[in-house]
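*Asks:* Below are the sequence and a predicted model; questions follow.
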Amino acid sequence: VDTLDLRAPGARAQGQMRGDVAGIMTGDLDVEITSLAQLGPLLLQEGLAGSLKGAISFSARDNKQIVSANINADDLQAGGARLNKVTVTAELVDPQGQFELDARIAAGSVNVGDNAIQDLRAAVTGNLQALPFSITGEFFNEPLAVTGEVSTATGATTVELRTATARVRAIPIELAEPVTITLAETATHVEKATLRVGEGTVSIVGKAADQLAFDVAVNGLPVSLIENIAATGLGQSGTLSASATISGKTSEPIVSYELAIAGFSVEAMRQAQISAIGINSNGTLRSNVLTTTTRASGNGLELDVSGTVDLDKGPGLDLNLSGTAPFGIAALPLSDANLSMVVTGSTSDPVINGRLTTSDADFLEQNSSLTIRQINAELDFDGAEVRITRLDGKMGSSGTVSVSGTVGIDPANGLPANLTLKVKDGTYSNGEL
């Protein structure tokens, strides 16, 4: 065929082709896809977008068919990923026989959601029995490297990840040992895959079919890594261990978990020389609603939290809090408080109802030497404000101090306060006053 012109929605190929009696083709095709979105339905693929240009050459070597391709694209979208500045060079030897492939792929960036891999380079060399590959790039401005092999020798497609290293927000991540993923007709099986994350490990094993069946284990993961991912400014410290099972349909996964955090503290606690506490939690995530039971204990703290968090509503909160908490946990120089509260609303706009009480507490502010003894307090939360039903104590040898009124608890309104402070026969001395 001296003049070949193939057209399809959003695509066109032009060139010339010749074939010999052995079925080996020779010739060249110039390929231009002006709209992958238009071509997608013909390929039975959704979510494709972008355009590309390239050249495909057909030739012979040692009586074997050779197909070479050079493809370029400025911007491509597929499967939730977006790629720009893409180049592909590939040579396929004997596609109907040995199927020897040598391909190189480069992309200026690959974006999936809010995550991006810069300067991606991938290489694939081999045949369908053993197709080794390597991937390099930059992730969060740190080197990323993956090596492995794809094979169909067993009849199913297997992907063996041999090595994988990255640094995500300054957290070192490394594949602890090679892992094989089997892509069968009815299910995808994952052998135990273990990642070293910082000083801890995260492992997953199981399969995805009509129903998910995965087990996840976390061991010795430093809680401080949370600050790398989502900075809170709290200076969190401690060690997390957890286990979880993932079941249900892919579209509606169910996650059941148990976790324990040992030696948990924040910077304010450490500055006040307050010992670390322990946190234990278990629950289930179903239909994007987390049902949880959590207990924090240690150093005088005995706090239980139970209820639900609806991740689709803000997240929406419906939590019950009860127990005893030393004010020292909040770096306040007071004794213990008893609380019973219900938190509803959302994380951005919580509604707090309940009561906080303390009795015979002592307050000592070391910088000013201010001391108030035998403090009794009853604070009622009604969702919009805190009403100080009772707050009194002794100041000096025979004096008293009391506070009454309300304080708004909505930061958006500036925390308005309407307070009355009464001091009777109070004495105060710090050596200078």
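*Replies:* Done, it's in.

*Asks:* ok, so what distance separates residue 295 from residue 409?
*Replies:* 25 Å (C-beta to C-beta, to the nearest Å). (C-beta placed from N, C-alpha, C; glycine too.)

*Asks:* Show me what counts as buried in the lowest-mean-pLDDT helix or strand in the chain.
*Replies:* One helix or strand of the chain scores below all others by mean pLDDT, DSSP states H and E: helix 267-271, with a mean of 81. For helix 267-271, the neighbour count (16 or more other C-beta atoms under 10 Å) marks residue 269 as buried.

*Asks:* do the same with stretch 42-56
*Replies:* 48, 50-52, 54, 56.

*Asks:* Same check on stretch 76-86?
*Replies:* 76-77, 82-83, 86.

*Asks:* With stretch 230-244 instead?
*Replies:* 236-244.

*Asks:* Among those residues, which one sits closest to residue 145?
*Replies:* Nearest to residue 145 out of the buried residues of stretch 230-244 is residue 240 (C-beta to C-beta; 26.8 Å).

*Asks:* in what helix or strand does the residue nearest to that closest one when sequence neighbours are not counted lie?
*Replies:* Spatial nearest neighbour of residue 240, excluding adjacent residues (C-beta to C-beta, 6 or more residues apart in numbering): residue 221 at 4.4 Å. Using DSSP states H and E, residue 221 maps to strand 212-222.

*Asks:* and the following helix or strand past that strand, C-alpha only, in PDB?
*Replies:* Per DSSP H and E, the first helix or strand lying C-terminal to strand 212-222 is helix 225-229. Taking Å, rounded to 0.1, in the frame of the first residue of the first chain, the C-alpha atoms of helix 225-229 are listed here in PDB:
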ATOM      1  CA  LEU A 225       6.000  11.500  61.700                       C
ATOM      2  CA  ILE A 226       2.500  13.000  61.800                       C
ATOM      3  CA  GLU A 227       4.100  16.400  62.000                       C
ATOM      4  CA  ASN A 228       5.900  15.800  58.700                       C
ATOM      5  CA  ILE A 229       2.600  15.000  56.900                       C
END
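
*Asks:* Which elements pack onto helix 225-229?
*Replies:* strand 171-175 (3 or more C-beta pairs under 8 Å, 6 or more residues apart in numbering; DSSP states H and E).

*Asks:* Show residues contacting the strand it packs on.
*Replies:* Here strand 171-175 makes contact (C-beta atoms under 8 Å, 6 or more residues apart in numbering) with 161-167, 193-198, 225, 228-229.

*Asks:* at 6 Å instead, please
*Replies:* With contacts defined as C-beta atoms under 6 Å, 6 or more residues apart in numbering, strand 171-175 is touched by 164-166, 195-198, 225, 228.

*Asks:* where do the strands sit along the stretch 151-300 of the chain?
*Replies:* For the stretch 151-300 of the chain, the strands defined by DSSP state E, counting those that start in this stretch cover 157-168, 171-175, 179-183, 188-197, 200-208, 212-222, 237-248, 253-265, 277-286, 289-298.

*Asks:* what angle sits between the longest one and strand 212-222?
*Replies:* Our comparison of strand 253-265 with strand 212-222, counting by axes from the mean of the first three to the mean of the last three C-alpha atoms, to 10 degrees, yields an angle of 10 degrees.

*Asks:* re earlier: out of the contacts of strand 171-175, flag the one nearest to residue 61.
*Replies:* Comparing the contacts of strand 171-175 against residue 61 with C-beta to C-beta places residue 164 closest, at 35.4 Å.

*Asks:* Quick check, that closest one in contact with residue 146.
*Replies:* Yes - between residue 164 and residue 146 there is a contact at 4.7 Å, judged by C-beta atoms under 6 Å.

*Asks:* Okay, now the unreliable bits of the protein?
*Replies:* Within the chain, the stretches with pLDDT under 70 are 327-335, 365-367, 430-433.

*Asks:* thinking again about what came up before, reformat the buried residues of stretch 230-244 as JSON lines; add distance to residue 392.
*Replies:* As requested, the buried residues of stretch 230-244 are exported to JSON lines (distance: C-beta to C-beta, whole Å):
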{"residue": "236", "distance to residue 392": "36"}
{"residue": "237", "distance to residue 392": "37"}
{"residue": "238", "distance to residue 392": "37"}
{"residue": "239", "distance to residue 392": "42"}
{"residue": "240", "distance to residue 392": "42"}
{"residue": "241", "distance to residue 392": "45"}
{"residue": "242", "distance to residue 392": "45"}
{"residue": "243", "distance to residue 392": "48"}
{"residue": "244", "distance to residue 392": "48"}
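
*Asks:* Identify the farthest-apart pair in the residues you listed.
*Replies:* Spatial extent of the buried residues of stretch 230-244 (C-beta to C-beta) is set by the pair 237 and 244 at 23.0 Å.

*Asks:* The residue nearest to residue 240: neighbouring residues, count only.
*Replies:* Each residue near residue 221 was counted by other C-beta atoms under 10 Å, and the total is 21.

*Asks:* distance of it from residue 312?
*Replies:* From residue 221 to residue 312 the distance is 27 Å (C-beta to C-beta).

*Asks:* Next: residue 320.
*Replies:* Relative to residue 312, and taking C-beta to C-beta, residue 320 is found at 21 Å.

*Asks:* and the two? which has more neighbours close in?
*Replies:* The residue with more neighbours, out of residue 320 and residue 312, is residue 320; 13 against 9, by other C-beta under 10 Å.
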